[in-house]
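Asker: Any chance you can model this:
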Amino acid sequence: MKKRVARMSSGGTSVVFALLFLLTLFSFEAYPQFDRLSQFERAKSSFKKGIHYFNRMHYLAAVEFFRKALIVYPDYYTAREYLARSYKLAGFVDEALKEWQALSESTADNIALQYKIDALRFRKIPGAHTLSSEFVLSDEFISEKLGRYRFPKPVDMAADGEKNIYITSFSTGKLVKIDANGEGVSLYSAGIQSKLFGIDVYKKKIAVSDFHNDTVYLMNLNFEKVKSIGKTGNGEGRFHGPEGVSFDRSGNIFVVDSGNNRVQKFDPGGRFILAFGEYGDYEGQLKNPTDLTLYRQRVYVTDTGNRRLSCFDDSGNFIRNLSIDGLEKPRGISSGRKGLLISDEAKGLLFYDVENERAIWPEMWKGADRNFSRLIASIYDRDGFLYCLDYNYERVFVFSPIEAQYSNLDVEITSVDLKKYPVVALYAHVRNKRGNPVYGLKSRNFTVVEDGATISGIYVDYLKDKAVSASMVLCVDRSTDNRPNHNDIPWVAEFILKKMRKNDSIQLMNFNSDSWIGSNFDWSRRRTLHALKKRDYGSGKNIGLALYNSINNLLPKINRRAVILVSDGEVTDESFQRYTVDNVIEFARSHHIAVHCITFKRASSPLRRIAEETGGFILRANDIDELRSLYDRIRNIEEYRYVIVYYSFKMSDVKGWWSDLKLEVNYKGQRGIEWGGYFVPE
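Answerer: The predicted model follows:
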């Protein structure tokens with residue numbers, strides 16, 4: 001047996017040598033293919049590690065692994081695309097643009113890629129954030145098609161921050177809420193005898209007038225009544241046919257008391273403050289006024305009987321009358337962008353540029369054999385879309401800015417959460433061409449395609465439905481320059497710490513030449529104060545590093561997020577050497593994280609720019625009122641992110657396989673596409 005085995009072994013060796021000999025004679029043209037396959041597998045290993053860090057929002061770590069994958073296999077398209085995304089989401093926009101441009105030169109007809117390039121380039125153009133004054137019809141909300149959400153004989157409308165539209169129905173006494181896609185959401189009935197008229201929305205409050213009952217109702221966005229203002233009469237706080245209503249930025253309420261030919265002002269709690277105006281056609285007098293709006297601390301009233309606008313200051317002092325050529329029957333008025341929107345029941349829509357005192361009657365129906373029948377109210381939403389309410393047609397005409405029809409939405413998948421697989425959660429941002437967040441999107445606006453199959457039953461309100469809370473990083477300057485302010489730093493922090501709730505959290509980030517964590521995310525006021533009182537001062541002032549690390553630490557948090565820098569306000573040559581001001585701003589803006597700066601001296605220009613361009617505030621440490629309001633501002637900011645949740649159809653036997661994803665967003669004629677993927681968990 002042993003000899004036989006030996007012979008077989010010897011024969012096997014001969015076969016091996018023979019095969020090696022044949023391989024040397026074999027054409028060498030096939031060999032590079034084997035080598036390329038090996039290279040790709042090694043590149044794929046690095047790519048997989050990069051995806052691991054990308055989905056945990058460690059974008060700079062992901063950059064290193066995607067770069068390694070490309071060094072091994074330069075033609076790895078997906079790795080280069082994810083490298084560009086990681087650069088962009090890490091705040092390095094120029095590097096991202098360079099990688100996307102390289103991809104566009106090597107591929108053809110990649111729509112999603114071209115969207116990204118166009119969006120980044122457009123935002124670098126001076127004046128790119130301004131809107132044109134040209135509009136095109138993009139949608140119609142038709143009363144008779146809305147079933148129980150019909151709004152017969154509509155007289156006024158308003159929009160909230162989610163771009164829901166509220167419409168008052170005079171004949172039914174109902175208030176209807178319609179979402180941005182034109183679908184009914186909820187309704188409120190004031191009673192059989194009620195004739196609802198004017199409406200305005202401010203933050204989470206609604207004011208609506210009841211013409212028949214001489215009352216103004218204050219309610220929340222769920223139509224829960226908080227207070228009723230007024231009774232019939234002509235005394236203080238009494239009405240005779242209240243019509244238009246409007247909030248100012250302090251929450252005060254102005255009401256057109258049409259039958260008494262005046263305007264009344266109430267505080268946010270509904271207490272009477274003052275009244276101004278009386279019947280007549282002279283200065284400061286009104287004849288059958290119908291509506292009003294506030295623009296830059298001025299009150300503009302549609303003085304319908306006198307065919308003009310009357311302007312007062314917010315204390316009721318008369319400023320001037322505006323008699324505009326062509327104005328016949330001004331009814332509705334609202335403010336936004338550069339001035340006023342006036343709805344003339346006889347003539348249609350008028351734009352009035354307050355700064356330049358210029359009136360424009362726009363051509364809203366270019367190329368269409370249509371026109372308004374009886375335009376009664378017009379408003380902008382926060383994205384610049386224009387809504388025009390027609391009384392006779394009983395419909396809302398939705399007009400989009402002309403550039404919106406020829407631009408695309410910028411869609412980003414920032415992370416894929418697979419912790420509860422087969423449940424998949426896509427964290428995404430949606431922005432318009434100007435880089436501003438697009439709010440109020442619903443499930444119907446999103447389409448998810450996984451490996452060529454369209455997913456049904458997606459859910460997009462995960463963050464919206466969570467209890468409101470805040471995560472903050474208190475970024476404290478521990479340079480020797482800031483040492484004299486040591487005893488005041490805990491005092492400043494107390495304005496935040498005393499208001500925090502148990503579902504909030506705060507991290508202390510210290511910095512001088514380096515940065516380090518003084519205390520980790522915690523809700524404890526005591527532990528944070530203990531860490532703040534340590535005298536860890538030294539040379540250097542590396543603000544860029546500290547802010548960058550602070551933003552990075554907030555990325556995984558799924559609540560309201562903000563960085564609060566506490567510093568003397570000065571910068572040095574080394575402050576932004578490692579991470580520039582642009583890096584910090586782009587990183588923060590990519591993830592909708594505001595940087596607020598509290599300074600003991602006047603804030604330097606770089607700090608002011610960071611705060612302003614990230615949506616933050618500059619506060620002086622001695623400004624007590626501003627310090628008191630900071631926590632509430634942070635906790636009540638809007639949620640900009642979307643989390644698209646769905647069940648994957650993948651079976652368990654495909655573990656480790658790459659799954660292709662496409663996320664498409666469609667909204668009011670605009671479209672955005674993002675592709676991506678994930679490795680099925682093993």
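
Asker: Backbone dihedrals for the residue nearest to Glu99 when sequence neighbours are not counted, please?
Answerer: If the residues on either side of it in the chain are set aside, Glu99 comes closest to Ala84, at 3.7 Å by C-beta to C-beta, 6 or more residues apart in numbering. Where C-beta positions appear, they are placed from N, C-alpha and C, glycine not excepted. Backbone geometry at Ala84, expressed as degrees, to the nearest 10, gives phi -60, psi -40.

Asker: pretty sure Ala84 is in contact with Trp100, am I right?
Answerer: Yes: taking C-beta atoms under 8 Å as the definition, Ala84 is a contact partner of Trp100 at 4.7 Å.

Asker: Quick check: neighbours shared by these two?
Answerer: Counting by C-beta atoms under 8 Å, 6 or more residues apart in numbering, the contacts common to Ala84 and Trp100 are Lys116.

Asker: And His486, how close does it get to Phe495?
Answerer: 17 Å (C-beta to C-beta, to the nearest Å).

Asker: same question, Gly440
Answerer: Taken as C-beta to C-beta, the span from Gly440 to Phe495 is 32 Å.

Asker: ditto for Thr454
Answerer: 50 Å.

Asker: Show me what stretch 533-546 is in contact with.
Answerer: 475, 477-483, 486, 490, 509-515, 518, 565, 567, 570-572, 574-581, 583-584, 606-607.

Asker: now with 7 Å?
Answerer: For stretch 533-546, the external contacting residues (C-beta atoms under 7 Å, 6 or more residues apart in numbering) are 475, 477-481, 483, 486, 490, 509-515, 518, 571-572, 574-576, 578-580, 583-584.

Asker: and these, which are buried?
Answerer: The neighbour-count test (16 or more other C-beta atoms under 10 Å) marks 475, 477-479, 481, 490, 509-512, 515, 518, 571, 575-576, 579-580, 583-584 as buried among these.

Asker: What about these, which are in helices?
Answerer: With DSSP state H as the criterion, helices contain Pro490, Asn583, Val584 from among the buried ones among the contacts of stretch 533-546.

Asker: so Ala180 sits right up against Lys163, yeah?
Answerer: Yes: Ala180 is within contact range of Lys163, at 4.0 Å (criterion: C-beta atoms under 7 Å).

Asker: okay, and the common contacts of the two?
Answerer: If you check Ala180 and Lys163 against C-beta under 7 Å, 6+ apart, the residues they both contact are Gly440.

Asker: can you list the weak-confidence ranges in this structure?
Answerer: 1-34, 108-109, 124-133, 367, 403-407, 652 (pLDDT under 70).

Asker: where do the helices sit along it?
Answerer: 2-25, 31-55, 59-72, 77-89, 93-106, 111-123, 402-405, 488-497, 525-532, 543-554, 581-590, 605-614, 624-635.

Asker: Show the contacting residues for the closest residue to Gln670 other than its chain neighbours.
Answerer: Once flanking residues are discounted, Gln670 sits nearest to Leu409: 5.0 Å by C-beta to C-beta, 6+ apart. By C-beta under 7 Å, 6+ apart, the residues touching Leu409 are Val430, Arg431, Asn432, Val438, Val665, Tyr667, Gln670, Arg671, Gly672.

Asker: For ChimeraX, write the select line for the buried members of those.
Answerer: The ChimeraX command for the buried members of these (criterion: 16+ other C-beta under 10 Å) is given here:
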select :430,431,432,438,665,667,670,672
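
Asker: Pick the one among the contacts of Leu409 closest to Gly339.
Answerer: Asn432 (21.6 Å; C-beta to C-beta).

Asker: mind giving me the domain ranges of the protein?
Answerer: Split into domains by automatic domain parsing, the chain comes to 30-108, 135-405, 410-464+640-679, 471-495+510-635.

Asker: Could you point out which of those domains sits nearest Ile117?
Answerer: domain 30-108 (5.2 Å).

Asker: Any buried residues in stretch 246-257, and which?
Answerer: Those would be Ser246, Phe247, Asp248, Asn252, Ile253, Phe254, Val255, Val256, Asp257, for stretch 246-257 by 16+ other C-beta under 10 Å.

Asker: With respect to Glu345, which of those is nearest?
Answerer: Closest approach to Glu345 among the buried residues of stretch 246-257 (C-beta to C-beta): Val256, at 15.7 Å.

Asker: Test my guess that Ala493 contacts Leu474.
Answerer: Yes: using C-beta under 7 Å, Ala493 is in contact with Leu474, at 6.1 Å.

Asker: Could you check which of these two has the larger neighbour count?
Answerer: Leu474 (26 against 22; other C-beta atoms under 10 Å).

Asker: how close does that one sit to Pro556?
Answerer: Distance from Leu474 to Pro556, by C-beta to C-beta: 18 Å.

Asker: Then Asn542?
Answerer: For Asn542 relative to Pro556 (C-beta to C-beta), the value is 23 Å.

Asker: neighbour-wise, which of those two wins?
Answerer: Under the criterion of other C-beta under 10 Å, the comparison of Asn542 against Pro556 puts Asn542 first, with 23 against 14.

Asker: Report the central residue of the protein.
Answerer: The centre of the chain sits closest to Pro437, judged by C-alpha atoms, centre = their mean, with a distance of 3.3 Å.

Asker: so what's that one up against?
Answerer: Arg431, His592, Tyr640 are the contacts of Pro437 under C-beta under 7 Å, 6+ apart.

Asker: Who does it form a beta bridge with?
Answerer: Pro437 has these beta-bridge partners by DSSP bridges: Arg431.

Asker: With Leu137 instead?
Answerer: Residues in beta-bridge contact with Leu137 (DSSP bridges): Phe399.

Asker: Compute the number of surrounding residues for the closest residue to Val581 other than its chain neighbours.
Answerer: Nearest residue to Val581, sequence neighbours excluded (C-beta to C-beta, 6+ apart): Pro606, at 5.0 Å. Pro606 has 19 neighbouring residues, counting by other C-beta under 10 Å.

Asker: Next: the one 4 residues further on.
Answerer: By other C-beta under 10 Å, 27 other residues sit near Ile610.

Asker: Surely it is in contact with Val584?
Answerer: Yes: counting by C-beta under 7 Å, Val584 is a contact partner of Ile610 at 5.8 Å.

Asker: Confirm for me that Asp303 is in contact with Lys287.
Answerer: Yes: counting by C-beta under 7 Å, Asp303 touches Lys287, with 6.4 Å between them.

Asker: Neighbour count for these two, which is higher?
Answerer: More neighbours surround Asp303 than the other of Asp303 and Lys287, with 25 against 17 (other C-beta under 10 Å).

Asker: Can you give me every residue that contacts the more buried one?
Answerer: Applying C-beta under 7 Å, 6+ apart to Asp303 gives the contacts Leu286, Lys287, Pro289, Leu309, Ser310.

Asker: Tell me what the first one is bridged to.
Answerer: Read it as Leu286. With DSSP bridges as the rule, Leu286 is bridged to Tyr279.

Asker: now it: how far from Val256?
Answerer: 9 Å.

Asker: So what's the residue count around Glu99?
Answerer: Other residues close to Glu99 by other C-beta under 10 Å number 21.

Asker: Just list the residues touching it, thanks.
Answerer: Arg80, Leu83, Ala84, Tyr87.

Asker: before we move on, the earlier item: overlap in contacts, Leu286 and Val256.
Answerer: Val301.

Asker: Tell me which residues touch Arg374, please.
Answerer: Arg374 neighbours (C-beta under 7 Å, 6+ apart): Glu345, Asp390, Tyr391, Asn392.

Asker: what's the offset of stretch 618-634 from the middle of its chain?
Answerer: Counting by C-alpha atoms, centre = their mean, to the nearest Å, stretch 618-634 is centred 23 Å from the centre of its parent chain.
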